[in-house]
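> here's my sequence, what's the structure:
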Amino acid sequence: MENQLIFILKLLVLSALLSLLIKYILPSLAIAGTATNALIIVLLPSVMMAIALLWRFQVQKQN
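Numbering: from 1, shown residues only. Next comes the predicted model:
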């Protein structure tokens, strides 16, 4: 029970930090609104997750 509470608290803190980053820091960056940038922003999380899962699969396969 305590382990789940710690996980939820970490998740809440990480979400709050990410939202503050998006709200206050990212608007000051000059990123052009092009189709390429939009594709990168949309596809990057999926690509990162695929890489992480493939890496985890390879590590489990070796053990």
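
> quickly find the element holding the spatially most central residue of the chain.
For the chain, residue 45 is the residue whose C-alpha lies nearest the centre (C-alpha atoms, centre = their mean; 6.2 Å). Following DSSP states H and E, one finds residue 45 within helix 35-62.

> also residue 4?
helix 2-20.

> show me how far the helix holding residue 45 is from its chain's centre.
The chain centre lies 10 Å from the centre of helix 35-62; the measure is C-alpha atoms, centre = their mean, to the nearest Å.

> please apply the same query to stretch 8-28.
Worked out by C-alpha atoms, centre = their mean, stretch 8-28 lies 11 Å from the chain centre.

> alpha carbons of that stretch, as CSV, please.
Written as CSV, here are the backbone C-alpha positions of stretch 8-28 (Å, rounded to 0.1, in the frame of the first residue of the first chain):
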residue,chain,number,x,y,z
ILE,A,8,1.2,8.0,-7.1
LEU,A,9,2.9,10.9,-5.3
LYS,A,10,5.9,10.7,-7.7
LEU,A,11,3.6,10.7,-10.6
LEU,A,12,1.7,13.7,-9.4
VAL,A,13,4.9,15.7,-8.8
LEU,A,14,6.3,14.7,-12.2
SER,A,15,3.0,15.8,-13.8
ALA,A,16,3.0,19.1,-12.0
LEU,A,17,6.6,19.8,-13.0
LEU,A,18,5.8,18.9,-16.6
SER,A,19,2.8,21.2,-16.7
LEU,A,20,4.8,24.1,-15.2
LEU,A,21,7.5,23.5,-17.8
ILE,A,22,4.9,23.6,-20.6
LYS,A,23,3.2,26.7,-19.2
TYR,A,24,6.1,28.9,-18.3
ILE,A,25,9.2,27.8,-20.1
LEU,A,26,8.2,26.4,-23.5
PRO,A,27,6.3,29.5,-24.7
SER,A,28,9.6,31.4,-24.6
